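**Q** quick check, what structure comes out for this input:
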Amino acid sequence: MSMIDSESVICMLGISDRFNANTLKTSCLSFISQHIELTSSENFGLLSTELQAEVFDLIQWRKRCTMDTWSVHGRY
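**A** Here you go, the predicted structure:
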């Protein structure tokens, strides 16, 4: 059972980054990249600019991967 949810993920991301908890950070980044509306929250704005950029980079990467996957399968 996952303990990451929309209410806690931004805070946990900041904490995981600060204390180098890489497994937790990866889980938080994955969750946020699947719930991009969280990037509009007030708490998201409290994260460091570097961490915000990391989130946005991951979101863009996921979008490109999704588009590439569908375009490749669409050829068959």
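**Q** which stretches in the chain count as helices?
**A** Listed in chain order, the helices of the chain (DSSP state H) span 9-18, 22-34, 49-74.
**Q** of all those, which one is nearest Ser41?
**A** Nearest of these to Ser41, taken as Cβ to Cβ: helix 9-18 at 6.4 Å. The way it works is simple: take the backbone N, C-alpha and C, and place the C-beta from them, glycine included.
**Q** CA atoms only: put that closest one into PDB for me.
**A** Extracted C-alpha coordinates of helix 9-18, given in PDB (Å, rounded to 0.1, in the frame of the first residue of the first chain):
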ATOM      1  CA  VAL A   9       3.700  14.300  -1.900                       C
ATOM      2  CA  ILE A  10       5.100  17.800  -2.300                       C
ATOM      3  CA  CYS A  11       6.300  17.900   1.300                       C
ATOM      4  CA  MET A  12       7.700  14.400   1.100                       C
ATOM      5  CA  LEU A  13       9.500  15.300  -2.100                       C
ATOM      6  CA  GLY A  14      11.200  18.300  -0.400                       C
ATOM      7  CA  ILE A  15      12.200  16.100   2.500                       C
ATOM      8  CA  SER A  16      13.500  13.300   0.400                       C
ATOM      9  CA  ASP A  17      15.600  15.600  -1.700                       C
ATOM     10  CA  ARG A  18      17.100  17.300   1.400                       C
END
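**Q** in it, what's buried?
**A** Neighbour-count burial for helix 9-18, counted by 16 or more other Cβ atoms under 10 Å, picks out Val9, Ile10, Met12, Leu13, Gly14, Ser16, Asp17.
**Q** point out the most buried one among the helices of the chain.
**A** Highest mean neighbour count among these (mean count of other Cβ atoms under 10 Å): helix 9-18, with a mean of 18.
**Q** leaving out the residues flanking it, which one is nearest to Gly45?
**A** Using Cβ to Cβ, 6 or more residues apart in numbering and skipping residues adjacent in sequence, the residue nearest Gly45 is Gln52, 7.8 Å away.
**Q** give the contact list for the one you found.
**A** Listed by Cβ atoms under 8 Å, 6 or more residues apart in numbering, the contact set of Gln52 reads Thr39, Phe44, Gly45.
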